[in-house]
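Engineer: All I have is the shape, not the residue letters:
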Ligand code: PMP
């Protein structure tokens, strides 16, 4: 990576090859979970000897931890463009955030969602505990403009009362960037609100609630170069404040008598149980590091790698890159593709064992979208996603490996977890 790019842990780790020997790992699975930044590890090193349960202890370490936790909230809130009248609740991740929001929408709220969503933004609205009254699932839009039109029409056609549009900022299958600002304008013009799943967007570009005009945003720390366990739901306080606490328990309560409970105000209201102070500290350190490194500059570097990868794949016969929209539409560093004649599971297994390359195969928890994009004869796809540790050598190795596998097929046979031969 070029100078000034924040360093990630595990870069250059040797991995075994089936033919013997090792090669440095080419990680193309950043979209699932990104490796931890060195700067995040350093922040955790500092926090680890000093942590204690926050908010409730009188002891010195409890005070230090409480200050660190609330400082982390302010840092993440600033990074996310959280404004006056907004709250930031620490959650476990995007799935948790969107399930929480589904319990906070006003009773009977109409929720409008595209079939392009990750299951985390598709399913919570109709799941147990959701207060949504009606869920309108829109078909996959043929263009970004069509997405805005369809959303506006659906919101307009919905019955009077609260309405929420839920969209992704960047697809976890195609990397395509959704027109969030225009969708926010359309939602607001119809008197509705918009919630944005920014899980795949924030690792590549900063998401700012104020600048985009979005009402809510959700994302996960483990995709943003911090370890697992902490994520964010941020946005307008009123619905969050009026809803019953997400979990009942200590921390969410102001006062409990034998007969009665008075619940706390935000954000503690939705953070029952002992908060994940280290997760919050790690997430804040990731936000600070990315901000200081200049996400614009990092983004330009990633764009160059993405162009190189897409051009390389496009030059290989029988390789199809999956896009919902025009292939030139802006996207974050994610490419899903298939190779005619080589099933995705086999391709992924061979890339790992024969070339030391880690990709993901399957339907990527976005079954309706991925199935729609798959060309005839394919059941699954391979996804390659880029991040701060990706190098030109990794990209060239992936392209060369796919070209070789497309032409000659794998050198070995592979078995799945149950010992069955991968077809
Ligand atoms: N939304 C999108 C777009 C995602 O890519 C993911 C993770 N694959 C999620 C939501 C869910 O995130 P988490 O698993 O951290 O809850």
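Structural biologist: Thanks, I have it. In this text, all values refer to a predicted model and were calculated from it rather than measured experimentally.
Engineer: Okay, helices next: where are they in the stretch 1-150 of the chain?
Structural biologist: Counting by DSSP state H, counting those that start in this stretch, the segments of the stretch 1-150 of the chain that form helices are 38-47, 60-79, 94-104, 119-122, 144-157.
Engineer: My error: substitute the stretch 301-423 of the chain in the last question.
Structural biologist: Along the stretch 301-423 of the chain, the segments classed as helices by DSSP H, counting those that start in this stretch run 344-355, 367-373, 392-408.
Engineer: Give me the helices and strands touching the first one, please.
Structural biologist: Other helices and strands packing on helix 344-355, by 3 or more C-beta pairs under 8 Å, 6 or more residues apart in numbering; DSSP states H and E, are strand 357-358, strand 360-362, strand 381-385, helix 392-408. Glycine gets a C-beta too; all of them are placed from N, C-alpha and C.
Engineer: Then the last one?
Structural biologist: Taking 3+ C-beta pairs under 8 Å, 6+ apart as the contact definition, the neighbouring helices and strands of helix 392-408 are strand 26-27, helix 295-314, strand 334-339, helix 344-355, strand 357-358.
Engineer: Next, the buried residues of stretch 4-19.
Structural biologist: When neighbours are counted by 16 or more other C-beta atoms under 10 Å, the buried residues of stretch 4-19 are found to be 5-6, 8, 11, 15, 18.
Engineer: how about the residues of this protein that lie near the ligand?
Structural biologist: For the chain, the contact set with the ligand under C-beta under 6 Å from any ligand atom comprises 93-95, 118, 120-121, 168, 172, 197, 199-200, 220, 222, 365.
Engineer: need the helices of the stretch 301-423 of the chain in JSON lines with mean neighbour count and mean pLDDT, can you?
Structural biologist: Conversion of those to JSON lines gives the following (neighbours: other C-beta atoms under 10 Å; pLDDT from 0 to 100):
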{"stretch": "helix 344-355", "mean neighbour count": "22", "mean pLDDT": "96"}
{"stretch": "helix 367-373", "mean neighbour count": "19", "mean pLDDT": "97"}
{"stretch": "helix 392-408", "mean neighbour count": "18", "mean pLDDT": "97"}
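Engineer: quick one on the thing from earlier: I'd like the helices and strands packed on helix 344-355 laid out as a markdown table, including distance to residue 148.
Structural biologist: Formatted as a markdown table, the entries for the helices and strands packed on helix 344-355 read as follows, by distance: least, C-beta to C-beta, whole Å:
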| stretch | distance to residue 148 |
| --- | --- |
| strand 357-358 | 36 |
| strand 360-362 | 30 |
| strand 381-385 | 26 |
| helix 392-408 | 33 |
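Engineer: and residue 213, which of those is closest to it?
Structural biologist: Comparing the helices and strands packed on helix 344-355 against residue 213 with C-beta to C-beta, the closest turns out to be strand 381-385 (27.4 Å).
Engineer: could you give the angle of that closest one to helix 392-408?
Structural biologist: Orientation of strand 381-385 against helix 392-408 (axes from the mean of the first three to the mean of the last three C-alpha atoms, to 10 degrees) gives an angle of 160 degrees.
Engineer: Which secondary structure elements does strand 381-385 sit against?
Structural biologist: Applying 3+ C-beta pairs under 8 Å, 6+ apart, we find strand 381-385 packed against strand 334-339, helix 344-355, strand 360-362.
Engineer: Relative to residue 274, which of the ones you listed is closest?
Structural biologist: Using C-beta to C-beta as the measure, strand 360-362 is the one of these that comes nearest residue 274, at 32.9 Å.
Engineer: Go ahead and name everything in contact with that closest one.
Structural biologist: Here strand 360-362 makes contact (C-beta atoms under 8 Å, 6 or more residues apart in numbering) with 29, 31-32, 344-345, 347-348, 380-383, 385.
Engineer: Provide the strand pairings for that strand, with the direction of each partner.
Structural biologist: Under the criterion DSSP bridges, strand 360-362 sits next to strand 381-385 (antiparallel) in its sheet.
Engineer: and the strand it pairs with, how far out from the chain's middle?
Structural biologist: Average the C-alpha atoms of strand 381-385, do the same for its chain, and the two points are 15 Å apart (C-alpha atoms, centre = their mean, to the nearest Å).
Engineer: Tell me what angle it forms with strand 334-339.
Structural biologist: Using the same axes, to 10 degrees: strand 381-385 against strand 334-339 is 150 degrees.
Engineer: pLDDT on strand 381-385, on average?
Structural biologist: Along strand 381-385, the predicted local confidence has a mean pLDDT of 98.
Engineer: Give me the contact list for that strand.
Structural biologist: Contacts to strand 381-385, defined as C-beta under 8 Å, 6+ apart, come from residues 28-32, 173, 175, 309, 322, 333-339, 344, 347-348, 351, 359-364, 370, 373-374, 398.
Engineer: before we move on, what about stretch 65-75?
Structural biologist: Contacts of stretch 65-75 from elsewhere in the structure, counted by C-beta under 8 Å, 6+ apart, are 47, 50-55, 57, 88, 90, 267, 275, 277, 280-281, 283-284, 287-288.
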